[in-house]
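Q: dropping the sequence and predicted coords here.
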Protein chains: 2
Amino acid sequence: MKERHEFILGEVVKAYLDTGQAVGSRVLSERVDLGLSPASIRNAMADLERMGLLCSPHTSAGRKPTDSGLRYFVDSLMVVDPDLHERFSASVSTHLRAERDIKQLLQQATEELASLTSFAGLVSVHEPDFRHVRKIELVPISSEQILAVIVSNAGEVQNRLVRRDAQLSDSRLTDISRSLSELLSHCSLEEVRNRLVREMDHDRLRIRQLLGELKQWAESPTEGKSSLIFSGQSQLLKMPEFGVIETVRSLFLAFEDKEELLRLIEQVEHSEHGVKVFIGREHALVDMDEVSVVLSRYEGEGRVLGTLGVIGPKRMHYDRVLPIVDCTARWVSRVLGGNR
Amino acid sequence: MKERHEFILGEVVKAYLDTGQAVGSRVLSERVDLGLSPASIRNAMADLERMGLLCSPHTSAGRKPTDSGLRYFVDSLMVVDPDLHERFSASVSTHLRAERDIKQLLQQATEELASLTSFAGLVSVHEPDFRHVRKIELVPISSEQILAVIVSNAGEVQNRLVRRDAQLSDSRLTDISRSLSELLSHCSLEEVRNRLVREMDHDRLRIRQLLGELKQWAESPTEGKSSLIFSGQSQLLKMPEFGVIETVRSLFLAFEDKEELLRLIEQVEHSEHGVKVFIGREHALVDMDEVSVVLSRYEGEGRVLGTLGVIGPKRMHYDRVLPIVDCTARWVSRVLGGNR
DNA sequence: AATAGCACTCCGGTCGATAGAGTGCCAGCT
DNA sequence: AGCTGGCACTCTATCGACCGGAGTGCTATT
């Protein structure tokens, strides 16, 4: 690929990102002085079209970059202003408060993403892997209720109110609590279930009903894998590319479904560190040819905790969005890494 | 108001709900045989327009009901088929499972609302009133961490991991836990804060840092009042009234803001029992003239737990939607009332 | 190899005419 | 007196034609 071609591709992309319109040879020659006449530019553009990097929507409409064209731009042509990176880093640090509550923290992060990019921000929260039980505690609440608290290896806490057998005294409860903790700690949920079944068969402890409730709990699904938080979806509606209702609809269907988005997110989590960009059809999200997704993992205490990023029109200023996502992910990682 | 006028108003509304178009005298006379010529209908319609119940978008476009017209219809003319009510009641009972987890339960409820009406379902969750502490438990997790669990009067559980002073033994922790529970139970959060400050001043228990963390917790805001859950927003995009992007945008802005919607919801919670309908401008939501909101409170253990309902186009079949919302609210109330 | 010129294509907006739908009013009928 | 049929009028939505603008591809020229 000749240098001139690269240069022209870059300029076409930039003009396209600015205007959203297909750009013709004349406007390009006026927009930036590259010592070439429109005719020469036309030739180069025709070459780029043959290479599959540009395309024209119709005969007389200039050209706009294809997905591959944008990809080439992002990978090889684009330079991120280090100043900008610095600025966003500072902006993120000042706007966000290091909340204790992880949900609130991530909520803030999506909002910051949305407001900096003016696209839709999204954050996925990885369900912590509940591989085995670290601790079980039964706390007497009232004469009818017991609070059962289970702490997982990941430090995740689940609690539930269970009905209390009237005959169960507080001290007896403490005993049970202790023995259950011994019995079950370091067990996987599967084992917990099995052991509880065995205990129930013996009916040794005369707390059948309590165990029943706990068993039911252990059996209940881990409530739907990862969850997704969004912010600023409605900002997308300002963009002219979402002027037709069908595009908007498929976009918001994806927001609701989450299924497909989670698949994409999983991909990011299993790849190496850093910001990932999915342009147009590169993410396999149906009917969303016109949007790009920019994602980055965030981490804490050594493991991947989730993914965050933005969804915006394919025509976004990647040189702005990438550092924003990067800074936000770093910041969240820093807070979560130090805090827990 | 003459009987004929009522009848014609009713028919205009029905036709309008079906087609979404302004309805003229001729089509009305063909649609339903009321033994009247188009001319007579015209006269009646002119009267109704003078009364402010109908209006015509322009000279030759037939008439459609105004907000007041729809209001009159809903209040006085509409009859809800009891069979329908029965059917929805059954449908709701069979589709929804009585989950233990309230969040999941309500999530299901919104989805059911959305799927039955094919509009957007929404549920507000009242933040339980955390007026005073019922119980505090400190559970040792590891050598560095303690799990603090606070149970409120409302049976709501909050927990947090706090850092542990290395010198704190397990048995000592149990002691502290007990004395804290005695010290703080039945205190409001405000009192908890004050007492903790006093204890810290004394530094009596040599657990300054632990108390500090607890204090910080007591001071943290009750995390944003009520929360809102939505489902099926994208279904609204199918409706022709949301063909223009501006309408959609203001709608989704409202979904994100929640502020205004919560105001409406509060209104419902403070009024008497039953399904409430807000037609067009009746809810004071800006730029949402074209939507109606149907809401009903749900209750449990004697107090209002929240509100649920749907948001849809003003042109909705109220005689279908009202029973749906009613049945769902009743069902949720029943489950929550018996379960907690 | 780059450029200038030219013929050609296609899109988008404007204009005008037309068909359709509906109203209001009036005169006549029951 | 009230209903009805008829008629003139109004407004909108749609369709086709037209035209200017923008852009390309090709070719001849420097």
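A: Good, I have the coordinates.
Q: quick one: low-confidence ranges for the stretch 201-340 of chain A?
A: A:201-210, A:213, A:216-225, A:338-340 (pLDDT under 70).
Q: for it, what spans make up the helices?
A: For the stretch 201-340 of chain A, the helices defined by DSSP state H, counting those that start in this stretch occupy A:208-219, A:245-257, A:259-270, A:318-339.
Q: next up, the contacts around A:Val332.
A: Counting by C-beta atoms under 8 Å, 6 or more residues apart in numbering or on different chains, A:Val332 touches A:Leu105, A:Leu106, A:Ala109, A:Tyr298, A:Leu308. Using the backbone N, CA and C atoms, a C-beta is placed for each residue, glycine as well.
Q: now those as a markdown table including distance to A:Val162 and neighbour count?
A: A markdown table is the format used below for the contacts of A:Val332 (distance: C-beta to C-beta, whole Å; neighbours: other C-beta atoms under 10 Å in any protein chain shown):
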| residue | distance to A:Val162 | neighbour count |
| --- | --- | --- |
| A:Leu105 | 31 | 19 |
| A:Leu106 | 30 | 24 |
| A:Ala109 | 35 | 26 |
| A:Tyr298 | 35 | 25 |
| A:Leu308 | 36 | 28 |
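Q: and which of the residues you listed is nearest B:Glu86?
A: Ranked by distance to B:Glu86 (C-beta to C-beta), these are led by A:Leu106 at 43.9 Å.
Q: related to what we said a few turns ago, mean neighbour count, the helices of the stretch 201-340 of chain A: which tops it?
A: When you average the neighbours per residue for each of the helices of the stretch 201-340 of chain A (mean count of other C-beta atoms under 10 Å in any protein chain shown), helix A:318-339 leads with a mean of 20.
Q: most proximal residue of chain A with respect to DNA strand D?
A: With C-beta to the nearest atom of the strand, the shortest gap between chain A and DNA strand D falls at A:Gly24, namely 2.5 Å.
Q: tell me, how many residues neighbour that residue?
A: Using other C-beta atoms under 10 Å in any protein chain shown, A:Gly24 is surrounded by 19 other residues.
Q: isn't it up against A:Arg63?
A: Yes. Counting by C-beta atoms under 8 Å, A:Gly24 touches A:Arg63, with 7.5 Å between them.
Q: returning to that earlier point: burial count for the residue lying closest to the residue of chain A closest to DNA strand D once chain neighbours are set aside?
A: Excluding the flanking residues, the one nearest A:Gly24 by C-beta to C-beta, 6 or more residues apart in numbering or on different chains is A:Gly62, at 3.5 Å. By the criterion of other C-beta under 10 Å, A:Gly62 has 20 neighbours.
Q: separation between A:Gly62 and A:Ala46?
A: 12 Å (C-beta to C-beta, to the nearest Å).
Q: thinking again about what came up before, which residues sit in contact with the residue of chain A closest to DNA strand D?
A: Here A:Gly24 is in contact with A:Ala61, A:Gly62, A:Arg63 (C-beta under 8 Å, 6+ apart).
Q: mind listing which of those residues are in helices?
A: Secondary structure from DSSP state H places none of the contacts of A:Gly24 in helices.
Q: tell me the pLDDT of the residue nearest to A:Gly24.
A: On pLDDT, A:Gly62 comes in at 93.
Q: now A:Pro128
A: A:Pro128 is assigned 67 on the pLDDT scale.
Q: with the one 5 residues further on instead?
A: In this model, A:Val133 is scored at 76, pLDDT.
Q: my guess is the residue nearest to A:Gly24 meets A:Val27, correct?
A: Yes. Using C-beta under 8 Å, A:Gly62 makes contact with A:Val27 at a distance of 7.4 Å.
Q: follow-up on the earlier one: pLDDT score assigned to the residue of chain A closest to DNA strand D?
A: 95.
Q: how about the residues of chain A by DNA strand D?
A: Counting by C-beta under 7 Å from any atom of the strand, chain A comes close to DNA strand D at A:23-27, A:38-39, A:42, A:45-46, A:49, A:56, A:59-63.
Q: among those, which are within reach of DNA strand C?
A: Applying C-beta under 7 Å from any atom of the strand to the residues of chain A next to DNA strand D, those adjacent to DNA strand C are A:Ala39, A:Thr59, A:Ser60, A:Ala61.
Q: out of those residues, grab the one that's most surrounded.
A: Counting neighbours by other C-beta under 10 Å, A:Ala61 comes out on top of these with 12 neighbours.
Q: could you measure from that one over to chain B?
A: Remark: distance between A:Ala61 and chain B (C-beta to the nearest C-beta, to the nearest Å) = 23 Å.
Q: would you map the strands across the stretch 151-300 of chain A?
A: Assigned by DSSP state E, counting those that start in this stretch, the stretch 151-300 of chain A shows strands spanning A:157-163, A:227-231, A:275-279, A:291-300.
Q: element containing A:Val139, please.
A: Of the helices and strands defined by DSSP states H and E, A:Val139 is found in strand A:133-140.
Q: may I have that strand exported as CSV, CA atoms only?
A: Output of strand A:133-140 as CSV, limited to C-alpha atoms (Å, rounded to 0.1, in the frame of the first residue of the first chain):
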residue,chain,number,x,y,z
VAL,A,133,-18.4,-21.6,50.8
ARG,A,134,-16.1,-19.8,53.2
LYS,A,135,-18.4,-19.3,56.0
ILE,A,136,-22.0,-19.8,57.0
GLU,A,137,-23.6,-17.8,59.8
LEU,A,138,-27.1,-18.1,61.1
VAL,A,139,-28.2,-15.0,62.9
PRO,A,140,-31.4,-15.0,65.0
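Q: figure out how far that strand is from the centre of its chain.
A: Taking the mean of its C-alpha atoms, strand A:133-140 sits 32 Å from the chain's own mean (C-alpha atoms, centre = their mean, to the nearest Å).
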